[in-house]
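Student: Provide a 3D model corresponding to the input given below.
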Amino acid sequence: MQDSTTRYLNIRPVASALAGVAALFVVMIVSMGGTSAQPNLSGSARVVDGDTLDVAGKRVRLEGIDAPESAQSCARASEGTWKCGKAASDALREMIGRRRVECRSDGKDGYGRVLGICSVGGQEINAELVRQGYAWAFVKYSDSYVAQEAEARAQRKGIWQRKTEPAWDYRKHHWARAEQTAPEGCAIKGNVTKNGHIYHMPWSPWYGKVRIDPSKGERWFCSESEALAAGWRPVEVH
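Tutor: Purely as a prediction, here's the structure:
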């Protein structure tokens with residue numbers, strides 16, 4: 001049996017090697033953290049809807065939040081409804097103004113949009129929209145803004161004035177209704193306009209007014225990714 005001194009001498013080289021590996025790992029983490037903290041997309045921005053921007057020519061989906069759809073209305077505190085979808089877009093537009101927007105991103109979503117945590121003037125846009133009651137924390141994908149949502153809900157701000165259908169349920173219900181009459185359940189309308197090839201989701205403000213004319217090259221799509229792959233772009237709300 002080895003005495004304690006012998007055992008210590010035997011494990012010291014292993015411990016030293018492990019310490020070296022650990023130190024290298026820490027350096028790598030710090031280095032990566034320093035890089036990711038820097039904005040990898042910045043420039044002037046244009047609002048597409050309550051949670052989507054065009055920044056420096058790239059489409060950015062604000063990560064971790066879900067704003068009301070452009071045509072969506074929400075319950076008002078006293079009675080009636082208010083146009084929460086339009087209000088969310090207006091709030092985002094006012095927040096940005098003509099200032100430079102900086103976004104950090106770890107990748108893209110299934111539609112090729114940059115997933116971004118964006119800020120303007122040192123203020124994080126994602127968090128502020130949730131805090132002001134213009135967006136839900138998108139807990140299906142992230143719990144980053146649960147605290148801001150709790151704050152807005154406690155103060156009954158914006159979408160929290162009264163019980164309101166979350167944006168993800170709003171989209172699901174509109175899709176379910178539209179696919180009942182759409183050919184083969186493909187409910188996205190591809191419309192040819194003077195501004196190009198535009199597609200309308202079932203919750204688009206103009207969806208009900210669009211009539212598909214195949215003779216003009218218009219068509220139906222079964223998924224948003226299919227429409228994008230074919231070179232069509234989503235309608236924008238101003």
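Student: show me where the protein has helices.
Tutor: Ranges of helices within the chain are 4-36, 84-96, 125-131, 146-154, 167-179, 224-229, based on DSSP state H.
Student: then stretch 188-202 to PDB, C-alphas only?
Tutor: Only the C-alpha atoms of stretch 188-202 are listed here, as PDB (Å, rounded to 0.1, in the frame of the first residue of the first chain):
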ATOM      1  CA  ILE A 188     -50.800  31.900 -47.500                       C
ATOM      2  CA  LYS A 189     -51.800  34.200 -50.300                       C
ATOM      3  CA  GLY A 190     -49.100  35.200 -52.800                       C
ATOM      4  CA  ASN A 191     -50.100  38.500 -54.300                       C
ATOM      5  CA  VAL A 192     -48.400  40.200 -57.300                       C
ATOM      6  CA  THR A 193     -48.300  44.000 -56.900                       C
ATOM      7  CA  LYS A 194     -46.500  47.000 -58.300                       C
ATOM      8  CA  ASN A 195     -44.100  46.700 -55.400                       C
ATOM      9  CA  GLY A 196     -43.300  43.100 -56.200                       C
ATOM     10  CA  HIS A 197     -44.300  39.600 -55.100                       C
ATOM     11  CA  ILE A 198     -45.900  39.900 -51.600                       C
ATOM     12  CA  TYR A 199     -47.300  37.200 -49.400                       C
ATOM     13  CA  HIS A 200     -50.100  37.600 -46.900                       C
ATOM     14  CA  MET A 201     -50.400  35.400 -43.800                       C
ATOM     15  CA  PRO A 202     -54.000  34.700 -42.600                       C
END
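Student: buried stuff in it?
Tutor: Of the residues in stretch 188-202, I188, K189, G190, N191, H197, I198, Y199, H200, M201, P202 count as buried by neighbour count, 16 or more other Cβ atoms under 10 Å. The C-beta positions use only the backbone N, C-alpha and C, and glycine is treated the same way.
Student: OK, contacts around the fourth one?
Tutor: What that stands for is N191. H197, I198, Y199, H200, V210, I212, E218, V235 (Cβ atoms under 8 Å, 6 or more residues apart in numbering).
Student: Would you mind measuring from it to S70?
Tutor: Going from N191 to S70 by Cβ to Cβ, to the nearest Å gives 16 Å.
Student: Tabulate the contacts of N191 (JSON lines), appending pLDDT.
Tutor: Listed next are the contacts of N191 as JSON lines, based on pLDDT from 0 to 100:
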{"residue": "H197", "pLDDT": "95"}
{"residue": "I198", "pLDDT": "93"}
{"residue": "Y199", "pLDDT": "94"}
{"residue": "H200", "pLDDT": "94"}
{"residue": "V210", "pLDDT": "94"}
{"residue": "I212", "pLDDT": "96"}
{"residue": "E218", "pLDDT": "96"}
{"residue": "V235", "pLDDT": "82"}
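Student: Tell me where this structure is predicted with low confidence.
Tutor: For the chain, the stretches with pLDDT under 70 are 1-39, 237-238.
Student: before we move on, the earlier item: need the max-distance pair from the buried residues of stretch 188-202.
Tutor: Greatest spacing in these, by Cβ to Cβ: H197 and P202 (18.1 Å).
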